[in-house]
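A.B. asks: attaching a predicted model along with its sequence, questions to come.
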Amino acid sequence: MTPDLEHATPSTSYSPLPDSENHHSSQRRRPIVLLSTIFISMLLFSSIIAIIFNQNSQENIERDTPGNGQSEKTRPVSRGVSQGVSGKSNFLLSSDEDDQIYPWTNAMLSWQRTGFHFQPPKNWMNDPNGPLYYLGWYHLFYQYNPDAAVWGNITWGHAVSKDLINWYHLPYAMQPDQWYDINGVWTGSATFLQDGSIVMLYTGSTDKEVQVQNLAYPADLSDPLLIDWVKYSGNPVLVPPPGIGTKDFRDPTTAWLAPNGKWRIAIGSKVNKTGITLVYETTDFKSYELLDDVMHAVPGTGMWECVDFYPVSTIESNGLDTSVNGPGIKHVLKSSLDDDKHDYYALGTYDAISNKWTPDNPELDVGIGLRLDYGKYYASKTFYDQNKQRRLLWGWIGETDSETTDILKGWSSVQTIPREVVFDKKTGTNIIQWPVKEVEKLRSTNTTYEKIVLKPGSLVPLDVGLATQLDIVATFDIDKQALEAGLEADVGYNCTTSGGSSSRGAYGPFGLVVLADESLTEQTPIYFYIAKGTDGVANTYFCADQTKSSTAQDVTKLVYGSSVPVLQGESFSMRLLVDHSIVESFAQDGRTVITSRVYPTKAIYTAAKVFLFNNATGVSITANVNVWNMDSAQIEHFPLGQQ
């Protein structure tokens, strides 16, 4: 490893963990010691005293503030942090007090459940794991809590599909039942070996809460459903190396073949505040060698988790197997940053001989440049779909309401519609993400609007029927003469600090409003904004405004977005997948993507509406819109007894 990363000195020297023979799984539950009658009496007495002194502190925990004798509210620590993973609760909200919780009705909460996005019947879900295609079935494994709608007891859920849209739930693939994963079967990746067999590497949290890497494999390769999984008896196969913290070593990637014929995997970590990728070589996935130096490091980015590493073709439009390298190939390096809970990526060149990845543009390096998604999106994972020669991307969409509400409704989180990933040959600077073609099978009634002229300040309702499950494709053309003639300087524009869709400029905002009620008390605008600098160059921004998305106060309401390249001769284009409480928004064929979680109290069921709008002050916009109502996907338990 590099000895010069922020002049770091190894702060942790971790000894190899003992064999599993010395840590039987029975140790996960210590025997309960019988309490004596005297102890019970003392406990009851102390309980009475506690009740007297804590009559008003059932919900709001208070602690003394040193020096002034005052008390202040203690904010609970986000779930997962103390165990060594990124926070798994929404703590952007200002309060969880009873008087701050919105009085949600069953009708409101029932409406929030999606119609065509993947989610379990109940409880908590987070990271997608080990996606693959095998013997006619797409497999998705995912982080799951079988017991509650909050993070904990992390188990691998498992579902299969023929088309990536309609899913069958299967029995759990792996549960936390060994000393090396008793505190969680965490994120992992699948690799196809040359003989067609499958290995699964995953992070386990041990009985001492140390992050280790473990090996599992299918019990029966003739079973297309891959129902049974076997954990390798020699687990763990990797432990944190010297200099790496015991809680800073997780999420192995899909393996790729090196020129020397050995397999390589990458694992995310950090040294002080420098995010790094460690790379190991193996021939059998049981013993490993840590390569000298790191594949890549970016100072100031903190812990890298859920690292992804894969090639994209600069020539062809098809996806590539993870091991492909050579002319006409760039490599995407992606990391989920624990510090800010966003997924960043960069394009670059991978030298397999030296095991070094170099970004095309150092100013757009991992963690400081491009994001996969500018909304609520994290812990993404790609896989190569050998069935249709494409690279597919999954992403976890967490909640932005209160945890109290999640418990009330009984579930938390969804997965995005899988996205196909290709290199953007037009710009050469980014990737393109687009919903898989299969989702279009759910399209039903179509409504088309052509050449709708939107003058400055216009708002036009669209009659699309039930507006809670939609696929919308829209293009917008601007009065070019007015754009070129204008002299506005708005070089400092930023979606997140702009004030949202109500802030009017000469050339924006304009776009669509979804999940709105008739009076626009609730609304979620998705829009373009053109900012023209003092040099006369126009830059386009793509934004999603949630500030008026709900009247509920226990919901996080931000403005998401970023710039998006719009090339000469291109119309401004967007595609929106609206599915109850989730909106996936794609600009310019997927150059910039925003995922939003939306929790209306009024704009639900038949009350949900769609509008076109142009809030620009200086230009007219011509819009063309195609809207499809979407049927629901079939997501149910597999009839195992009928095989």
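C.D. replies: Noted; the coordinates are in hand.

A.B. asks: for the most centrally placed residue in the chain, give me its contacts.
C.D. replies: The centre of the chain sits closest to residue 378, judged by Cα atoms, centre = their mean, with a distance of 2.3 Å. Neighbouring residues of residue 378 by Cβ atoms under 8 Å, 6 or more residues apart in numbering: 86, 127, 306, 336, 341, 342, 343, 395, 396, 398. Glycine gets a C-beta too; all of them are placed from N, C-alpha and C.

A.B. asks: same thing with residue 619?
C.D. replies: So residue 619 contacts 456, 478, 479, 482, 483, 486, 506, 507 (Cβ under 8 Å, 6+ apart).

A.B. asks: secondary structure class for it?
C.D. replies: Here residue 619 is coil, with the state taken from DSSP: H, G, I helix; E, B strand; the rest coil.

A.B. asks: how close does it sit to residue 445?
C.D. replies: 32 Å (Cβ to Cβ, to the nearest Å).

A.B. asks: how about residue 358?
C.D. replies: Relative to residue 445, and taking Cβ to Cβ, residue 358 is found at 50 Å.

A.B. asks: and these two? Which one has more around it.
C.D. replies: residue 358 (15 against 12; other Cβ atoms under 10 Å).

A.B. asks: strands paired with the helix or strand where that one lies, and their directions?
C.D. replies: Here residue 358 sits within strand 356-359, counting by DSSP states H and E. Strand 356-359 has the following strand partners under DSSP bridges: strand 342-351 (antiparallel).

A.B. asks: can you tell me what sits against the strand it pairs with?
C.D. replies: Residues contacting strand 342-351 (Cβ under 8 Å, 6+ apart): 301, 306, 308, 311-312, 325, 330-337, 356-361, 364-373, 377-380, 395, 423, 429-431.

A.B. asks: of those residues, buried ones?
C.D. replies: Buried residues within the contacts of strand 342-351, defined by neighbour count using 16 or more other Cβ atoms under 10 Å: 301, 306, 308, 311-312, 325, 330-337, 357, 359, 364-373, 377-380, 395, 423, 430-431.

A.B. asks: identify the residue spatially nearest to residue 320, adjacent ones excluded.
C.D. replies: residue 311 (4.6 Å; Cβ to Cβ, 6 or more residues apart in numbering).

A.B. asks: how near is residue 200 to residue 87?
C.D. replies: Taking Cβ to Cβ, one finds residue 200 at 26 Å from residue 87.

A.B. asks: meant to ask about residue 577
C.D. replies: Counting by Cβ to Cβ, the gap from residue 577 to residue 87 is 27 Å.

A.B. asks: now swap in residue 479 and tell me
C.D. replies: With Cβ to Cβ as the criterion, residue 479 and residue 87 are 46 Å apart.

A.B. asks: and residue 124, by the same measure?
C.D. replies: Residue 124 is 13 Å from residue 87, where distance means Cβ to Cβ.

A.B. asks: looking at those two, which has the bigger crowd around it?
C.D. replies: residue 124 (26 against 15).

A.B. asks: burial count for the nearest residue to that one once chain neighbours are set aside?
C.D. replies: Nearest residue to residue 124 in three dimensions, chain neighbours excluded: residue 145, at 3.9 Å (Cβ to Cβ, 6+ apart). As a burial measure, residue 145 scores 23 neighbours (other Cβ under 10 Å).

A.B. asks: might one say that residue 145 is in contact with residue 155?
C.D. replies: Yes. Residue 145 is within contact range of residue 155, at 7.1 Å (criterion: Cβ atoms under 8 Å).

A.B. asks: quick one: low-confidence residue ranges for the chain.
C.D. replies: 1-77, 90-99, 489, 641-643 (pLDDT under 70).

A.B. asks: please parse it into its domains.
C.D. replies: The chain is divided into the following domains under the TED database: 127-435, 443-630.

A.B. asks: export those domains to CSV and append columns for distance to residue 116.
C.D. replies: Formatted as CSV, these follow (distance: least, Cβ to Cβ, whole Å):
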stretch, distance to residue 116
domain 127-435, 7
domain 443-630, 6
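
A.B. asks: where do the strands of the stretch 201-350 of the chain begin and end?
C.D. replies: 211-218, 229-231, 256-257, 263-271, 274-282, 289-290, 296-298, 304-313, 329-337, 342-351 (DSSP state E, counting those that start in this stretch).

A.B. asks: touching, residue 396 and residue 124? I think so.
C.D. replies: No. Using Cβ under 8 Å, residue 396 makes no contact with residue 124, being 11.1 Å away.

A.B. asks: quickly list what's touching both of those two.
C.D. replies: residue 413.

A.B. asks: picking up where we left off before, of the strands of the stretch 201-350 of the chain, which is nearest residue 387?
C.D. replies: Nearest of the strands of the stretch 201-350 of the chain to residue 387, taken as Cβ to Cβ: strand 304-313 at 16.8 Å.

A.B. asks: CA atoms only: put that closest one into PDB for me.
C.D. replies: Extracted C-alpha coordinates of strand 304-313, given in PDB (Å, rounded to 0.1, in the frame of the first residue of the first chain):
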ATOM      1  CA  TRP A 304     -15.300   4.300  -0.200                       C
ATOM      2  CA  GLU A 305     -18.000   1.600   0.000                       C
ATOM      3  CA  CYS A 306     -19.800  -0.400  -2.600                       C
ATOM      4  CA  VAL A 307     -17.000   0.100  -5.100                       C
ATOM      5  CA  ASP A 308     -17.800  -0.900  -8.700                       C
ATOM      6  CA  PHE A 309     -15.300  -1.300 -11.600                       C
ATOM      7  CA  TYR A 310     -16.200  -2.200 -15.100                       C
ATOM      8  CA  PRO A 311     -15.300  -1.600 -18.800                       C
ATOM      9  CA  VAL A 312     -17.400   0.400 -21.400                       C
ATOM     10  CA  SER A 313     -16.800   0.400 -25.100                       C
END
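
A.B. asks: against which helices or strands is it packed?
C.D. replies: With contacts defined as 3 or more Cβ pairs under 8 Å, 6 or more residues apart in numbering; DSSP states H and E, the packing partners of strand 304-313 are strand 263-271, strand 274-282, strand 329-337, strand 342-351, strand 378-385, strand 419-423.

A.B. asks: can I get those strands in JSON lines with distance to residue 607?
C.D. replies: Converted to JSON lines, the helices and strands packed on strand 304-313 look like this (distance: least, Cβ to Cβ, whole Å):
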{"stretch": "strand 263-271", "distance to residue 607": "44"}
{"stretch": "strand 274-282", "distance to residue 607": "45"}
{"stretch": "strand 329-337", "distance to residue 607": "36"}
{"stretch": "strand 342-351", "distance to residue 607": "33"}
{"stretch": "strand 378-385", "distance to residue 607": "31"}
{"stretch": "strand 419-423", "distance to residue 607": "30"}
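
A.B. asks: so which of these gets nearest residue 403?
C.D. replies: strand 378-385 (16.6 Å).

A.B. asks: okay, the angle between that closest one and strand 329-337?
C.D. replies: 150 degrees (axes from the mean of the first three to the mean of the last three Cα atoms, to 10 degrees).

A.B. asks: would you mind identifying the next helix or strand past strand 378-385?
C.D. replies: According to DSSP H and E, the helix or strand after strand 378-385 is strand 390-397.

A.B. asks: in terms of secondary structure, what does that following strand contact?
C.D. replies: strand 123-134, strand 378-385, strand 414-415, strand 419-423, strand 592-597.

A.B. asks: coming back round to it: the residue nearest to the centre of the chain and residue 153: what is the separation?
C.D. replies: 20 Å.

A.B. asks: repeat for residue 446
C.D. replies: 45 Å.

A.B. asks: which of the two has more neighbours?
C.D. replies: Taking neighbours as other Cβ under 10 Å, residue 446 and residue 153 compare with residue 153 leading, 17 against 11.

A.B. asks: which strand or helix spans that one?
C.D. replies: With DSSP H and E as the test, residue 153 turns up in no helix or strand.

A.B. asks: which ones are touching it?
C.D. replies: 145, 146, 147, 176, 184.

A.B. asks: what's near enough to touch the first one?
C.D. replies: Going back to what we said before, that points to residue 145. 123, 124, 125, 151, 152, 153, 154, 155.
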